[in-house]
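# With the input below, show me the fold.
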Amino acid sequence: MTYTRPVARLVEEFKRLPGIGARTAQRLAFYLLSAPPEEARRLAEAIREAREKTFYCSVCGNYTDTDPCSICSDPRRDPSVICVVEMPRDVAAVERARCFRGVYHVLHGSLSPLDGIGPDRLRIQELLRRIEEGKVQEVILATSSTTEGEATALYLHRLLKPLGLKISRLAYGLPVGAEIELADEETISRALEGRREM
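Below you'll find the predicted structure:
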């Protein structure tokens, strides 16, 4: 289908977003064109404001609009427990569970030698500086279960273990409501390894 040049540009820009294919990009573009002008302006303003006013927390590396962020500056949080995650979106995922009351450290990626991402490209030195302050007692390695995430967790475990900290790893296994028969062998294996007494 041929579009006017501005519509084609809008569709192409939407297609650049993760998880947005050609049809969804077209649907979003036509929705905005048929919506009241104020709705398109609000969306454009929200994007502009988020880009201009959001930056990384100097302590944990999460997205914030205040420094330190609201989590790092919350006196109800336990600074002796740090949950290490790969990306800011992982902080949001853990926070949705509403069960973690410690603080975070965002690495901004995971080790991937094939992509040229070594330890120097991650926020590992910043993590070590936080630990040197002496308040940290436990580090939870909450990296993904991908090959890169596992390699990152193993690297951090080897690096941090000599410091005498408690180091834990998120348990992996069956999601709530999942059918065991549909789970793959690795998921079942991890669920058994991460089992706990009832």
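# can you map out the strands along this protein?
Residue ranges of the strands in the chain, as given by DSSP state E, are 55-56, 63-64, 78-85, 102-106, 138-141, 166-169.
# Give me the distance from the longest one to the chain's centre.
Put simply, strand 78-85 sits 15 Å off its chain's centre (C-alpha atoms, centre = their mean, to the nearest Å).
# Ok, the fifth one next?
A distance of 16 Å separates the C-alpha centroid of strand 138-141 from that of its chain, computed with C-alpha atoms, centre = their mean.
# circling back to that earlier point, can you put the strands of the chain in CSV and add mean pLDDT, distance to Leu10 and mean neighbour count?
Heads up, the C-betas are built off the backbone N, CA and C, glycines and all. Putting these into CSV (pLDDT from 0 to 100; distance: least, C-beta to C-beta, whole Å; neighbours: other C-beta atoms under 10 Å) gives the following:
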stretch, mean pLDDT, distance to Leu10, mean neighbour count
strand 55-56, 98, 28, 14
strand 63-64, 98, 26, 19
strand 78-85, 97, 33, 20
strand 102-106, 98, 32, 24
strand 138-141, 95, 41, 20
strand 166-169, 93, 44, 15
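# Turn those strands into JSON lines, including distance to Cys72.
Written out in JSON lines, the entries for the strands of the chain read as follows (distance: least, C-beta to C-beta, whole Å):
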{"stretch": "strand 55-56", "distance to Cys72": "11"}
{"stretch": "strand 63-64", "distance to Cys72": "8"}
{"stretch": "strand 78-85", "distance to Cys72": "8"}
{"stretch": "strand 102-106", "distance to Cys72": "6"}
{"stretch": "strand 138-141", "distance to Cys72": "16"}
{"stretch": "strand 166-169", "distance to Cys72": "21"}
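# quick check: domain ranges of this structure?
According to automatic domain parsing, the chain is divided into the following domains: 5-53, 63-170.
# By mean pLDDT, point me to the weakest helix or strand of the protein.
helix 185-193 (a mean of 78; mean pLDDT, DSSP states H and E).
# can I get the CA coordinates of that helix in CSV?
Presented in CSV, the C-alpha positions along helix 185-193 are these (Å, rounded to 0.1, in the frame of the first residue of the first chain):
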residue,chain,number,x,y,z
GLU,A,185,13.3,-30.4,30.5
GLU,A,186,15.5,-27.5,31.6
THR,A,187,12.6,-25.7,33.2
ILE,A,188,11.6,-28.8,35.1
SER,A,189,15.2,-29.4,36.1
ARG,A,190,15.5,-25.9,37.5
ALA,A,191,12.2,-26.1,39.3
LEU,A,192,13.4,-29.2,41.1
GLU,A,193,16.8,-27.7,41.9
